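K.L.:
Sequence and predicted structure below; questions after.
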Amino acid sequence: MNKQVWAAVGRLAQKDRGPLEAYENLKKLITDAEQDMPKALGGNKAAQTRVRKIMQDIKEAAQAVRTSILEIRKQEPQEGQ
């Protein structure tokens with residue numbers, strides 16, 4: 001499978017994953033962007049498109065991490081109650 005298919009699968013599965021797995025996905029996306037960034041800055045239009053796509057995926061992955069952390073916070077008993 002290509003990167004885009006795996007990214008879509010990751011986004012769908014991420015809803016049920018914990019924050020650590022969501023964070024690992026975020027790190028992987030950043031690594032993917034690092035590989036294409038020099039090409040994109042060099043003028044490679046295909047690489048520019050890939051970097052823009054990965055940046056959108058990073059935004060979604062970061063939101064998944066934030067959401068997972070908030071869900072954990074909601075499940076913890078409140079101090080002082």
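P.N.:
Received the coordinates, thanks.
K.L.:
for the protein, what are the low-confidence residue spans?
P.N.:
Scanning the chain for pLDDT under 70 picks out 1-17, 79-81.
K.L.:
ok, longest helix in it?
P.N.:
Secondary structure of the chain per DSSP state H: the longest helix is helix 45-75.
K.L.:
Now do that helix: distance to the chain's middle.
P.N.:
4 Å (C-alpha atoms, centre = their mean, to the nearest Å).
K.L.:
Figure out the helix or strand that residue 31 lives in.
P.N.:
In the assignment (DSSP states H and E), residue 31 maps to helix 19-41.
K.L.:
what comes up buried for that helix?
P.N.:
Of the residues in helix 19-41, 19, 21-23, 25-26, 28-29, 32-33, 36, 40 count as buried by neighbour count, 16 or more other C-beta atoms under 10 Å. All C-beta atoms are positioned from the backbone trio N, CA, C, and that covers glycine.
K.L.:
quick check, nearest of those residues to residue 61?
P.N.:
Taking C-beta to C-beta as the measure, residue 61 lies nearest residue 26 of these, at 4.2 Å.
K.L.:
so residue 43, which of the three states?
P.N.:
For residue 43, the assignment made with DSSP: H, G, I helix; E, B strand; the rest coil gives coil.
K.L.:
what about it, distance to residue 51?
P.N.:
12 Å (C-beta to C-beta, to the nearest Å).
K.L.:
The two: who's more crowded?
P.N.:
residue 51 (20 against 8; other C-beta atoms under 10 Å).
K.L.:
Tell me who's in contact with the residue nearest to the more buried one when sequence neighbours are not counted.
P.N.:
Excluding its sequence neighbours, the residue lying closest to residue 51 (C-beta to C-beta, 6 or more residues apart in numbering) is residue 40, at 4.6 Å. For residue 40, the contact set (C-beta atoms under 8 Å, 6 or more residues apart in numbering) comprises 47-48, 50-51.
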